[in-house]
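[1] Here you go, sequence then predicted model.
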Amino acid sequence: MDDNEVILQDLPTSVHGFVFLGDDGEPMIVVNSRLTREQNRRTFRHEKKHIRMNELSDPTFIEYKE
């Protein structure tokens, strides 16, 4: 998909994916293996926007709260 690390993981179907900083400080994108390839492509693009907008370095940014 891109040069970012992408992990395909079984997640609850309500969770499409998320992004976090790995141990090396590089963004890692997780997409839900239970969803379709097209949904995962949309999720990947969505998470890439968070990376481009530098939101991972903003400690106040929370997209979803449980």
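    Nice, I can see it. Numbering: from 1, shown residues only.

[2] tell me the contacts of Val6?
    Under the criterion of CB atoms under 8 Å, 6 or more residues apart in numbering, the contact list for Val6 reads Met28, Ile29, Val30, Val31, Phe44. The way it works is simple: take the backbone N, C-alpha and C, and place the C-beta from them, glycine included.

[3] can you do 10 Å?
    Contacts here follow CB atoms under 10 Å, 6 or more residues apart in numbering; on that basis Val6 touches Gly17, Val19, Met28, Ile29, Val30, Val31, Asn40, Phe44, Glu47.

[4] Mind telling me the two of those farthest from one another?
    Comparing every pair within these by CB to CB identifies Met28 and Asn40 as the most remote, at 14.7 Å.

[5] Look at the two and report which has more neighbours.
    Asn40 (20 against 16; other CB atoms under 10 Å).

[6] element containing the residue nearest to that one when sequence neighbours are not counted, please.
    Excluding its sequence neighbours, the residue lying closest to Asn40 (CB to CB, 6 or more residues apart in numbering) is Val31, at 4.2 Å. Under DSSP states H and E, the secondary-structure element containing Val31 is strand 27-32.

[7] Could you turn the buried ones of the contacts of Val6 into a ChimeraX selection?
    Listed next is the ChimeraX selection for buried residues among the contacts of Val6, using 16 or more other CB atoms under 10 Å:
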select :17,19,28,29,30,31,40,44,47
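
[8] just to revisit the earlier point, from the contact counts, what lies against whatever helix or strand comes next after the strand holding Val31?
    Taking DSSP H and E as the definition, the helix or strand that follows strand 27-32 towards the C-terminus is helix 37-52. Secondary-structure packing of helix 37-52 (3 or more CB pairs under 10 Å, 6 or more residues apart in numbering; DSSP states H and E): strand 5-9, strand 17-21, strand 27-32.
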